[in-house]
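Chemist: Give me the fold of what follows.
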Amino acid sequence: MTHWDAEAEHNGRVGNDTVRSSAWWSRSRGLPRAVYESWRSSLAAQPDRPARILAWARTSTGYCIASPANLSYGDEDEWKNIGWHEIERGGWNAELRKLSWVLHAAPGKPAPRGSLQLV
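Modeler: From the prediction side, this is the model:
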């Protein structure tokens with residue numbers, strides 16, 4: 001086997017045991033199993049909200065999870081799921097590690113606001 005054959009064989013492999021066992025590639029994306037299951041159950045009552053994690057972080061009171069359909073925050077006992085379509089605007093303050101958002105409001109009503117302190 002030549003040097004080039006060895007490189008081609010190596011580059012032809014897809015993944016390895018380390019990558020396949022990484023928590024990132026699991027459905028829960030490394031989120032603790034009990035937290036993932038409780039979050040997934042909270043979405044079951046809402047049609048068309050897939051339980052697929054794009055990103056997650058710990059907050060001062062639990063967890064924050066971003067999925068294709070919504071922003072969720074809470075813990076094993078209770079989750080709040082906000083559809084992305086409900087959020088008018090949002091922001092991230094890196095210095096304070098604070099995620100904030102403003103929801104759409106009915107005419108003449110104040111816009112509900114929310115924020116999370118990520119840890």
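Chemist: Does residue 99 touch residue 90 like I think?
Modeler: Yes. Applying Cβ atoms under 8 Å, one finds residue 99 in contact with residue 90, separated by 7.1 Å. Every residue, glycine included, has its C-beta placed from N, CA and C.
Chemist: of these two, who's got more company?
Modeler: residue 99 (20 against 14; other Cβ atoms under 10 Å).
Chemist: who does the more buried one bridge with?
Modeler: residue 92, residue 116 (DSSP bridges).
Chemist: List the contacts of it.
Modeler: Taking Cβ atoms under 8 Å, 6 or more residues apart in numbering, we find residue 99 in contact with 64, 90, 91, 92, 115, 116, 118.
Chemist: Scan the residues you listed and report the most crowded one.
Modeler: Most neighbours among the contacts of residue 99, by other Cβ under 10 Å: residue 116, with 20 neighbours.
Chemist: which residues of this structure score low on pLDDT?
Modeler: Counting by pLDDT under 70, the chain has low-confidence residues at 1-27.
Chemist: Repeat the analysis, applying 80 as the threshold.
Modeler: 1-29, 45-49 (pLDDT under 80).
Chemist: mind listing what's buried in the longest helix anywhere in it?
Modeler: As assigned by DSSP state H, the longest helix anywhere in the chain is helix 33-44. Neighbour-count burial for helix 33-44 flags 35, 36, 38, 39, 40, 42, 43 (criterion: 16 or more other Cβ atoms under 10 Å).
Chemist: Residue 41 versus residue 99, what's the distance?
Modeler: 23 Å (Cβ to Cβ, to the nearest Å).
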